[in-house]
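Participant: structure, please.
(one chain, ligands or ions: 2)
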Amino acid sequence: MNLIDDIKKLKQEKNAIILTHCYQNIELDEVSDYVGDSLFLSRMAAGTKADIIVFAGVYFMAQSAKLLSPDKKVLLPNMNSGCLMADMIDIKRLREFKSQNPNIPVVCYINSTAEVKAECDICCTSSNAVEIVRSLNKEKVLFVPDTYLGKFVEKKLGNVEVITYNGFCPTHLRILPEDITNARKKYPEALILAHPECHCEVSKLADFVGSTKEIMEFAKKSDKKQFVIATEKGVIDRLNRDSINENWNKEFILIKSNIICQNMKHNTLNDIYNALKYEQYEINIEESIRIKATECINRMLCAGKINK
Ligand code: 13P
Ligand code: SF4
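Facilitator: Ligands and ions are numbered 1, 2, ... in the order given. Here you go, the predicted structure:
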């Protein structure tokens with residue numbers, strides 16, 4: 001038997017599911033139950049009947065799955081899988097930011113630790129950030145840790161001041177406004193699709209800005225034939241695969257060859273096999289933090305439902 005069959009067998013024996021973020025190595029898709037963006041995977045984690053969730057993503061994503069499914073065993077296959085943006089804020093820095101801007105609700109991007117979520121009012125992901133901030137119905141909100149997603153929301157809403165913490169995604173910030181203008185010249189027929197973690201000037205120049213899953217759905221549905229993708233390479237790998245397998249007859253071009261989140265690439269098929277076999281590495285969250293962080297995430301899921 002090969003590794004893929006061994007993983008599938010273990011999954012069945014242990015009643016496990018594998019959730020995979022679309023920035024992960026594409027070969028993981030073959031053993032995955034669901035592949036998608038943070039919001040979609042959170043929803044799958046919340047609704048599953050499996051006993052074990054293997055989260056092929058980064059640490060904060062596995063932590064969020066544990067918050068949403070506290071009775072399940074949640075495993076992160078490789079403990080080196082962190083998020084550089086999530087690591088830019090901790091409790092001390094969050095408290096300082098809040099004390100500099102008192103009595104303003106705090107929205108926290110899901111790319112943050114459970115400890116940070118526990119001290120924020122409501123969570124959001126890149127696909128629902130605009131809707132979540134709108135749902136608060138306030139003139140001012142604090143937004144942590146991603147300054148660019150926060151500013152994107154402010155621009156979209158137009159009537160809310162979004163005071164942002166100074167975190168960012170180093171991978172998305174490698175995309176420069178001149179990369180967009182150069183791509184326009186080189187591929188005049190193409191649509192340019194970007195992630196809202198990109199610099200505001202990049203988002204402004206793109207034709208569509210959305211979460212990883214939204215970018216993939218937009219590209220699939222569009223009548224256009226050529227797309228320049230301004231987000232992590234995992235998205236374009238999947239678009240190219242699906243375009244070939246499903247005869248979309250579309251071309252996808254990565255804006256720049258180095259748009260790779262190395263932290264997302266740690267999990268291998270071997271790690272997934274070991275995760276299932278030895279039930280490693282288990283995510284546990286201290287009870288008082290778990291309760292408060294879960295409230296923060298649940299408020300997002302409820303607001304999402306109300307606004308649908
Ligand atoms: P999505 O919410 O679009 O999946 O993004 C997560 C992420 O880490 C992007 O860098
Ligand atoms: Fe974090 Fe950026 Fe990697 Fe997403 S792409 S996991 S925000 S470092």
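
Participant: now the most centrally placed residue in the chain. Nearest residue, chain neighbours left out?
Facilitator: The C-alpha lying nearest the average C-alpha coordinate of the chain belongs to Ser38 (C-alpha atoms, centre = their mean; 3.9 Å). Leaving aside its chain neighbours, Ser38 sits nearest to Thr125 (4.4 Å; criterion: C-beta to C-beta, 6 or more residues apart in numbering). (Glycine included, C-beta is placed from N, CA and C.)

Participant: hang on, the one you found packs against Tyr109?
Facilitator: Yes - in this structure, Thr125 is within contact of Tyr109 by C-beta atoms under 8 Å, at 7.3 Å.

Participant: neighbour count for the two, which is higher?
Facilitator: Comparing Thr125 with Tyr109 by other C-beta atoms under 10 Å, the one with more neighbours is Tyr109, at 29 against 24.

Participant: what about the strands in the stretch 201-308 of the chain?
Facilitator: Using DSSP state E, counting those that start in this stretch, the strands of the stretch 201-308 of the chain run over 208-209, 226-230, 251-254.

Participant: of all those, which one is nearest ligand 2?
Facilitator: When the strands of the stretch 201-308 of the chain are ranked by distance to ligand 2, counting by C-beta to the nearest ligand atom, first place goes to strand 226-230 at 12.3 Å.

Participant: which neighbouring elements make contact with the closest one?
Facilitator: Applying 3 or more C-beta pairs under 8 Å, 6 or more residues apart in numbering; DSSP states H and E, we find strand 226-230 packed against helix 177-186, strand 191-194, helix 212-221, helix 233-245, strand 251-254.

Participant: which of the ones you listed is buried the deepest?
Facilitator: Of all these, strand 191-194 has the most neighbours on average by mean count of other C-beta atoms under 10 Å, namely a mean of 23.

Participant: show me which residues of this structure are close to ligand 2?
Facilitator: On the criterion C-beta under 6 Å from any ligand atom, ligand 2 has as its neighbours in the chain the residues Val58, Cys83, Leu84, Met85, Asn111, Cys169, Thr171, Glu197, Glu232, Cys261, Asn263, Met264.

Participant: now the first one. Its backbone dihedrals?
Facilitator: In this entry, Val58 is assigned phi and psi values of phi -100, psi 170 (degrees, to the nearest 10).

Participant: residue contacts, the residue of the stretch 201-308 of the chain found nearest ligand 1?
Facilitator: Scanning the stretch 201-308 of the chain for proximity to ligand 1 using C-beta to the nearest ligand atom identifies Ser211 as nearest, at 3.3 Å. Listed by C-beta atoms under 8 Å, 6 or more residues apart in numbering, the contact partners of Ser211 are Asp37, Ser38, Leu39, Thr125, Ser126, Ser127, His195, Pro196.

Participant: before we move on, back to that, turn the helices and strands packed on strand 226-230 into JSON lines, including mean pLDDT.
Facilitator: Written out in JSON lines, the entries for the helices and strands packed on strand 226-230 read as follows (pLDDT from 0 to 100):
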{"stretch": "helix 177-186", "mean pLDDT": "98"}
{"stretch": "strand 191-194", "mean pLDDT": "98"}
{"stretch": "helix 212-221", "mean pLDDT": "95"}
{"stretch": "helix 233-245", "mean pLDDT": "96"}
{"stretch": "strand 251-254", "mean pLDDT": "97"}
